[in-house]
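In: give me a 3D structure for the following:
(one chain, ligands or ions: 1)
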Amino acid sequence: MCGIIGYVGGRPCYELIVRGLEHLEYRGYDSAGFALLDAERDRFSLVRSVGKLEDLRRASNGSAERLAGPTTGIGHTRWATHGRVTLENAHPHLSGDGEVAVVMNGIIENYVDLRHRLQDEGVVFASETDTEVLPHLIRKHYAGDLVAAVRAVLAQIEGHYAFVASHVSEPNRLVAVRHECPLVVGVGTEETFVASALPAFLGETRDVIYPDNDELVVVDADGVTVLDLSGEPVVREPSTWEGSEETAEKGGYDTFMLKEIHEQPAALWDTIGSRLGADGTVTLDGIGLEDPTLARVERVHIVACGTSFHAGLAGRYLIEDWARIPVSVEVASEYRYRTCLAGPGDLVIGITQSGETADTLAAMRVARERGAHVVALTNQTESQATRDADGVLLTRAGLEIGVAATKTHTAQIMALALLALKLGRMRWAITEAGARELAEELRRLPDAIEAYLESPAPAAVADVAAHFVERDFFLYLGRHVGVPVCYEGALKLKEISYVPTEAYPAGEMKHGPIALLDEGSPVVVVAPDGHVFDKVVSNIQEVRARGARVIAVATEGNGEIASHADHVLWAPRTPALLAPITTIVPLQLFAYEIAKGKGLNVDKPRNLAKTVTVE
Ligand code: M6R
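Out: I've put the predicted structure just below:
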């Protein structure tokens, strides 16, 4: 989390830095700030504010003249880890004499010890952050060479981080370094950017260097040098970013989340692309395994966090049913600390839309060390996940800005469906005719969702949601493929509307959660057509017998459900195993409408950030 940016070049950099931060704001929006190196006055112009980038712009208003000149600067948008959300804890942080400025993303794990040692030496800290040890340490080791000082500091710090440092005595220079946190370098004409992610500078340059862990990026007026830890130069040629320049535009929608919900048909189409033949043949270039090896995979392990984890849970049904391969799905933050039993012959899939989630990357690393073949299922080419994995399976959902993941989720399930179909065909678990049929169903899905989104159904979801805006608890129940949909629907609601939710396999309800129900308690029941439909109906009866109000998510055309539920949210008809792609759409809309009804900012929910780069 946190977005960092630095600029050295010939142009005044205030606007470049703030605009860059606006493109990084999805990484955190607790506070923001920048330090521009005012060479004439031999000091930094520091502006910080609590809140979002618009607050930072407001805070800068009074200093327009002072900020117009500098051509070297660093900036930061914060997701708080160490220290509360206050002005003092906003980055950049400065050394006591104001000569060194630093912005950081990540965590310095031994900061307490370092802080105490510096305090014993008389250093006074201005913030509660772990980051602040960096400017003080750099200042302490500075003897006219910022690179040497940063190298000395790297020998003392532990953790995972990416930071950019600047010193007033070296006005056209920045030194940046990454250790398990992202950092990219944008090489322009007589100017250079360093940042957490490409969107920070894609509008200015597409020539990019991707430094490795523990490489020092030294940015000067005449270009970039990359050094290893011993100070030896490393050759790193820029490559040209070929992707589209995805800008954060709402395209006529009120919010990014709503726009992204409506972009799901396109995301699904693009994820299928030319990978799926009419005969059910699937081509997954980039996965890094020849077909015969893939066919012999013994077990699949899926590791992921949050919404990506829920996509993995949905994918398990597809892979187990279509390919007959056992699948385990685990939250990456747990997997990474368990005894890992994956090995050669196993396929480990790390699902991460951002390609940056620290726990997912760590879990993938653990599995790779054990000799498993690791594939990154991600929406970001050139992300850390793609660099850490043996192979890549890309979703093509386009940039997702809303913190609540929507289109990347359904695209992830689609990618897993393609993989399942491929595995199933290769292992002869699916017949030729079966593969043809499934290919047709998969191709039908995007259109079905498009038709749904253009129909009166979303307005009907809004009407139902209006009855429940004031409710303070929701229980989500489902069986079989309905379970991951419950988890995901409940997560969507809690993260954007701050309403507590509980999501459970319906069969487990009687083992505890039913005690939560009271007269009028809203219970969302995911009940698509399929072999467990009748069982789910029985569970509906049980909760209704306790006075619950049931909102059922059901398959269009089901003639029975309306008599069992108080409200029905319809979802497009699809084969049962693909229902997680369709049934989640009304639940995304339901969560959206409740949050809007409460007047909340759905794109930037409190306490959250789009990418979680700390564990
Ligand atoms: O980028 P990733 O897919 O690895 O992100 C994982 C989670 O942080 C993410 O899905 C999170 O749960 C979203 N806010 C859900 O809407």
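
In: next, the distance between the ends of stretch 152-164.
Out: 15 Å (Cα to Cα, to the nearest Å).

In: so which bits of that stretch are buried?
Out: Ala152, Val153, Leu154, Ile157, Gly159, His160, Tyr161, Ala162, Phe163, Val164 (16 or more other Cβ atoms under 10 Å). C-beta: built from backbone N, CA, C; applies to glycine.

In: ok, the fifth one to Val123 distance?
Out: What that stands for is Gly159. 19 Å (Cβ to Cβ, to the nearest Å).

In: is the helix or strand containing Tyr592 in proximity to the ligand?
Out: Using DSSP states H and E, Tyr592 falls within helix 579-597. No. Shown here: helix 579-597 not in contact with the ligand (Cβ under 6 Å from any ligand atom), separated by at least 9.7 Å.

In: still on that earlier bit, just the ones of the buried residues of stretch 152-164 in helices?
Out: Within those, residues falling in helices by DSSP state H are Ala152, Val153, Leu154.

In: ok so, going back, of all pairs in the buried residues of stretch 152-164, which one is the farthest apart?
Out: Ala152 and His160 (19.5 Å; Cβ to Cβ).

In: who in the stretch 401-550 of the chain is up against the ligand?
Out: Neighbours of the ligand within the stretch 401-550 of the chain, by Cβ under 6 Å from any ligand atom: Val403, Ala404, Ala405, Glu495.

In: confirm the first one sits in a helix?
Out: No. Residue state for Val403 (DSSP: H, G, I helix; E, B strand; the rest coil) corresponds to coil; a helix is not indicated.

In: just give me the neighbour total for it.
Out: 22 (other Cβ atoms under 10 Å).

In: from the buried residues of stretch 152-164, pick the one nearest Tyr335.
Out: Among those, and counting by Cβ to Cβ, the member closest to Tyr335 is His160, at 17.5 Å.

In: test my guess that that closest one contacts Val177.
Out: No. With contacts counted by Cβ atoms under 8 Å, His160 stays clear of Val177, the gap being 11.7 Å.

In: residues contacting the residue of the stretch 501-615 of the chain found nearest the ligand?
Out: Ranked by Cβ to the nearest ligand atom, the top residue of the stretch 501-615 of the chain for proximity to the ligand is Val612, at 4.6 Å. Counting by Cβ atoms under 8 Å, 6 or more residues apart in numbering, Val612 touches Met1, Cys305, Gly306, Glu356, Thr357, Ala358, Asp359.

In: that one and Val403: what is the separation?
Out: 11 Å.

In: so what touches the helix or strand bottoming out on mean pLDDT in the chain?
Out: Ranked by mean pLDDT, DSSP states H and E, the weakest helix or strand in the chain is helix 64-67, scoring a mean of 86. Surrounding helix 64-67, the residues in contact under the criterion Cβ under 8 Å, 6+ apart are Pro12, Tyr14, Leu36, Asp38, Ser45, Val47, Ser60.

In: the last one against Ser45, yeah?
Out: This points to Ser60. No. Distance between Ser60 and Ser45: 9.4 Å, which falls outside the contact criterion (Cβ under 8 Å).

In: care to break this protein down by domain?
Out: Per automatic domain parsing, the structural domains of the chain span 3-248, 256-454, 457-597.

In: among these, which is nearest Arg606?
Out: Of all those, it is domain 457-597 that lies closest to Arg606, at 7.1 Å by Cβ to Cβ.

In: tell me who's in contact with Arg368.
Out: Counting by Cβ under 8 Å, 6+ apart, the residues that Arg368 touches are Val348, Val374, Asp388, Ala389, Asp390.
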